[in-house]
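>>> no FASTA, just this:
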């Protein structure tokens with residue numbers, strides 16, 4: 001059902017006997033952007049500037065009445081439901097009217113004054129599936145020139161791994177100057193841009209994309225001939241949605257922190273994490289009103305949704321009309337047998353009877369509670385109820401507020417409720433409130449041929465939870481007016497966004513700390529941003545939206561306040577929230593349910609007023625909740641006015657402050673990573689490495705490699721009893737995996753895989769460690785560190801992190817601390833510590849590549865069975881060095897060493913320890929063993945080559 005809500009408006013002009021007027025004639029049959037007979041549309045242009053996921057869209061059209069008599073010309077624009085109109089202006093025969101946002105009561109009073117003088121007209125905004133229609137109509141004499149211009153802003157929401165920007169195009173006629181421009185600027189870079197062509201294949205060649213690393217420009221500019229429905233047709237073939245999808249580069253799971261214009265925005269969209277298992281109770285309305293297409297589409301969707309469940313998930317189905325039935329009284333695993341049985345049950349449902357929502361939801365909550373109390377579900381899993389209904393309750397408890405209180409009372413904090421309302425007979429406002437109050441969301445499903453696809457798409461958005469209890473914090477006294485920063489869940493492919501104001505500081509670095517629970521582990525992530533860098537970059541961008549951070553903060557704050565207002569427990573609380581919304585909306589010029597757009601001429605004698613529409617069957621402004629809707633309609637008006645002189649008017653809104661919402665979760669104020677350790681060093685160096693920092697960790701200060709040492713991996717073994725260091729190289733082939741520590745007693749394995757330089761240097765191909773693996777068999781956990789990523793695997797789950805951010809991960813007895821572009825520390829049961837150091841080189845270096853070094857603590861508690869190239873020296877051998885004498889190189893003495901029954905010729909030299917020296921490293925003087933450590937290590941170095949990264953060393 002579609003219902004138009006007439007929104008207030010008043011404006012008039014008469015110029016030297018030539019009049020025009022604004023009219024309301026009810027519902028228009030013709031749904032085109034420009035309406036009228038014998039008119040010429042000179043131009044129709046749409047421009048969207050998207051900067052950091054925030055879009056400012058402008059729609060402009062220029063029209064001439066080329067007919068021989070006065071006529072009405074309409075301007076229609078469909079805008080996304082989540083968008084806020086920010087301005088609407090018109091130029092009618094040189095008379096310009098400029099808009100400003102005011103509190104609705106103020107604007108209505110001004111409108112009432114105009115109406116009392118007989119001066120009134122209207123704008124109509126109507127609801128559709130994803131859009132609202134902004135409509136206005138002006139009656140003008142022949143030869144009149146009219147220019148329309150509408151502005152609106154919206155935040156891009158990430159769903160299913162991409163952002164989607166939609167522009168509805170329906171000019172209704174051929175336009176000589178028809179053009180759409182979408183400019184995207186993403187500071188971290190654009191990963192992909194996709195243009196699904198919903199307009200028709202004939203327009204494929206009319207769409208051009210220009211893309212660089214961080215910018216994209218999409219142009220749709222069809223010629224007059226391309227616009228024609230057929231070769232000789234006069235009608236336009238442009239009728240549909242022009243859609244741009246894109247995603248951004250993410251160099252770490254910690255998110256992206258941006259600061260601009262005194263405001264910050266934190267984007268958080270981690271990936272490469274294993275999904276949490278799910279416990280789902282599907283609650284399906286099977287009352288008589290679901291008969292036919294609605295039920296058929298629901299069954300079709302449920303067939304696909306059930307197929308998505310895994311053996312780790314648990315589920316059940318409750319269907320209800322005037323009675324409540326359970327497919328299974330308890331949650332069951334998502335095995336193939338159970339899924340097939342559930343499909344058959346769904347297929348045989350016959351809708352009839354009334355609607356008992358209250359009892360159905362009570363039964364669903366009880367089912368989850370029972371499973372939790374009996375320990376049948378993983379405490380780290382995600383428990384949710386998905387309600388599908390098409391109508392209001394008619395049986396049992398029918399008072400909506402009581403049902404809302406009942407559900408709130410029994411729902412546990414770890415449960416979530418998602419509400420899907422089919423069609424317009426359902427009270428969507430109620431579904432939205434009950435979902436938001438219980439850590440879920442609501443969505444309207446439109447009862448048409450693709451309702452099943454809508455249901456499946458919604459489920460896809462919540463089917464893969466990756467994190468629970470996410471909190472994004474900032475140091476004290478660094479930010480204020482922060483939007484919601486605690487989230488119950490994060491779903492794969494989506495994005496969490498936190499915004500706020502940046503307080504003055506002596507530092508130009510802002511830091512955020514994100515904590516969350518993943519499958520079997522807890523993580524802490526750290527992100528930094530320069531507070532001046534982005535503003536400098538924005539000044540260089542011609543088509544960016546410079547005020548994006550400020551407007552995005554206001555946009556998010558207002559949306560959250562509107563939701564909070566709908567849940568306000570008292571009238572006083574609701575009034576307080578209302579005042580905050582109105583103050584912010586006026587300051588940032590957003591048309592909301594509580595504000596209106598006033599378009600004025602000189603002196604305010606001619607006025608146009610537009611407020612937000614009310615969603616049919618309750619629910620103001622779909623997706624945000626809240627009230628403040630306008631009346632149901634205004635009687636048609638046709639009045640002629642005298643033309644006033646024109647003057648541009650603006651309204652300056654007073655600054656406002658938005659109070660922070662109540663804080664609930666208690667979290668540590670600081671994140672402390674690392675301990676103080678002493679290390680046996682295994683290291684390899686390269687002449688072209690750049691400076692790498694190890695900050696806020698007492699294991700190391702800063703690492704920097706600026707000159708050459710030896711070509712192949714260099715081992716430094718510290719022998720405390722002998723008070724000496726011994727060095728040796730391993731001359732092996734790229735791809736080989738060398739065992740460093742193999743301890744079958746504790747179940748620990750540390751292996752390293754060799755990589756080669758880009759080409760030979762001095763007739764030798766240098767090798768380095770490109771991957772280090774630390775495997776702890778008792779917990780089945782391995783940490784694989786490469787120059788690109790850090791991957792943690794526990795047999796069932798895989799979690800991937802990059803070097804791009806600081807993070808701490810805790811799982812069972814293992815703690816992993818990642819320092820941004822520096823090092824990884826792995827601590828097992830507080831008695832084994834390993835640090836892997838990252839060496840970055842100049843990407844264009846002709847020879848060198850990025851590589852890794854590894855440091856082992858000298859107090860690691862191995863078992864007597866430990867071995868490996870490094871592990872064997874936990875039992876320090878007896879070493880005697882004698883006959884020290886001058887060598888060929890006067891700086892490198894030579895000597896004889898007795899060790900393990902072998903007599904070796906050794907050379908005095910040095911290697912570098914980069915844990916402490918910020919630029920050059922510190923020299924470690926050692927006795928060098930030739931021939932790949934022969935005689936010093938047990939056996940031959942080839943004995944330490946293992947088949948894979950988690951392999952234990954065979955007995956030597």
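Now that the structure is in, tell me what you want to look at. Because the structure is a prediction, the values reported are computed rather than measured.
>>> now do the same end-to-end measure for stretch 793-811.
End-to-end distance of stretch 793-811 (C-alpha to C-alpha, to the nearest Å): 11 Å.
>>> Please work out the average pLDDT along stretch 589-605.
Taken as a whole, stretch 589-605 has an average pLDDT of 79.
>>> Quick check: buried residues in that stretch?
589-601, 605 (16 or more other C-beta atoms under 10 Å). In short, each C-beta sits where N, CA and C put it, glycine included.
>>> Quick check: strands, which of the residues you listed are part of them?
In this view, the buried residues of stretch 589-605 that belong to strands under DSSP state E are 595, 596, 597, 598, 599, 600.
>>> Next one, pLDDT for residue 10 please.
30.
>>> should've said residue 718
Per-residue confidence at residue 718 stands at 89 (pLDDT).
>>> how about the nearest residue to residue 361, chain neighbours excluded?
Spatial nearest neighbour of residue 361, chain neighbours left out: residue 407 (5.3 Å); criterion: C-beta to C-beta, 6 or more residues apart in numbering.
>>> Can you verify residue 168 is assigned to a helix?
No. Under DSSP: H, G, I helix; E, B strand; the rest coil, residue 168 sits outside any helix and is assigned strand.
>>> Please tell me how far it sits from residue 162.
Using C-beta to C-beta, to the nearest Å, residue 168 is found at 19 Å from residue 162.
>>> These two: who's more crowded?
residue 168 (22 against 17; other C-beta atoms under 10 Å).
>>> Which helix or which strand is home to the closest residue to the more buried one other than its chain neighbours?
Closest residue to residue 168 apart from its sequence neighbours, by C-beta to C-beta, 6+ apart: residue 78 at 3.8 Å. Using DSSP states H and E, residue 78 sits within strand 71-80.
>>> Which neighbours in the sheet does that strand have, and how are they oriented?
Paired strands of strand 71-80, with direction, are strand 34-35 (antiparallel), strand 131-140 (antiparallel) (DSSP bridges).
>>> model confidence over the helix or strand just after the longest one, on average?
So that's strand 131-140. Of the helices and strands lying after strand 131-140 in sequence (DSSP H and E), the nearest is strand 145-155. On average, the pLDDT along strand 145-155 is 95.
>>> Enumerate the positions of strand 145-155 that are buried.
So strand 145-155, judged by 16+ other C-beta under 10 Å, has buried residues 146, 147, 148, 149, 150, 151, 152, 153, 154, 155.
>>> Make CSV from those and add distance to residue 485 to it.
Output for the buried residues of strand 145-155, formatted as CSV (distance: C-beta to C-beta, whole Å):
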residue, distance to residue 485
146, 47
147, 43
148, 40
149, 37
150, 33
151, 30
152, 27
153, 22
154, 22
155, 16
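>>> May I have the residues that are in contact with the closest residue to residue 360 other than its chain neighbours?
Distances taken as C-beta to C-beta, 6+ apart place residue 320 nearest to residue 360, at 3.8 Å, with adjacent residues excluded. Neighbouring residues of residue 320 by C-beta atoms under 8 Å, 6 or more residues apart in numbering: 283, 284, 285, 286, 287, 355, 356, 357, 359, 360.
>>> Let me know the next secondary structure element after the helix or strand that contains the first one.
The secondary structure element spanning residue 283 is strand 278-285 (assigned by DSSP H and E). Sequence-wise, the next helix or strand downstream of strand 278-285 (DSSP H and E) is helix 293-307.
>>> Would you mind listing the buried residues in that following helix?
Applying 16+ other C-beta under 10 Å to helix 293-307 flags 294, 295, 297, 298, 299, 300, 301, 302, 303, 305, 306 as buried.
>>> Would you mind pulling the contact partners of it?
Under C-beta under 8 Å, 6+ apart, the answer for helix 293-307 is 282, 284, 286, 290, 315, 334, 339, 342-343, 346-347, 349, 351, 388, 390, 422-423, 447-449, 451-453, 455-456, 459, 463.
>>> quick one: which helix or strand includes residue 49?
Per DSSP H and E: strand 39-51 holds residue 49.
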